[in-house]
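[1] What follows is a protein structure lacking sequence information:
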Ligand code: SF4
Ligand code: SF4
């Protein structure tokens, strides 16, 4: 089973060509900042939130309450966080001047653009897709997928992102199997999942060991809550 992210402009990644590491695609960011304007589709993973929190040196919970809207995804039943735009401009609130104020800690979706990523939640195999570039396409300025992923530091985080996709699928199945929102303990379960996925992280320690520990505690607890 694959978790396929839809393209920003509604393109279906499944219809886009898959890239192998040494395949080239035409793209060079022109630095215009348009992808940070009027953007409402930035869903954060727990690792995205942790990285932003560490960059700002504010707790994940404070960053979430200041910059995000929380919601429960209808189909997966999972709690999720979306970056909220500036109410006056509609732009991302980390867009300052003409640049990203948190560039090194920008969310995966920003680092990936214009690529899409899918993760097989059984094998952890990742695939990358390129949508028709909406910007920055220039003949003769092609680059390989591997160099793009390396330069955007996506290679470094791929293991965490794969584990995140697998764990979220496991939790989603448990919530769905328990009846989803119809379960009388659903709200309590979602709050506990949100803590484990997004909030219970000490910024002085690395994300991944804390994530693993949170999930080890969460899974048996979830079964008890949802009974
Ligand atoms: S990715 Fe595209 S829209 Fe975003 S800054 Fe670069 S050229 Fe502009
Ligand atoms: S987080 Fe940074 S790169 Fe992403 S939309 Fe906001 S300003 Fe742009």
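    All right, it came through fine. Given the structure is predicted, the values throughout are model-derived calculations rather than measurements. Residues are numbered from 1 along each chain as shown. Ligands and ions are numbered 1, 2, ... in the order given.
[2] Let me see the mean pLDDT of the biggest helix by length in the chain.
    Taking DSSP state H as the criterion, the chain has its longest helix at helix 154-177. Taken as a whole, helix 154-177 has a mean pLDDT of 96.
[3] got it, and stretch 65-73?
    Averaging pLDDT along stretch 65-73 yields 97.
[4] Tell me how far residue 221 lies from ligand 1.
    Relative to ligand 1, residue 221 is positioned 41 Å away (C-beta to the nearest ligand atom, to the nearest Å). Heads up, the C-betas are built off the backbone N, CA and C, glycines and all.
[5] Need the nearest residue in space to that residue, chain neighbours excluded.
    residue 192 (6.5 Å; C-beta to C-beta, 6 or more residues apart in numbering).
[6] and the helix or strand harbouring that neighbour, what does it pack onto?
    Applying DSSP states H and E as the criterion places residue 192 in helix 186-194. Packing partners of helix 186-194 (3 or more C-beta pairs under 8 Å, 6 or more residues apart in numbering; DSSP states H and E): strand 79-83, helix 154-177, helix 207-226.
[7] Name the residues of the chain found near ligand 2, please.
    Residues of the chain lying close to ligand 2 by C-beta under 6 Å from any ligand atom are 36, 39, 42, 92, 94-95, 100, 102, 106-107, 110.
[8] what do you get if the cut-off is 5 Å, keeping everything else the same?
    36, 92, 94-95, 100, 106, 110 (C-beta under 5 Å from any ligand atom).
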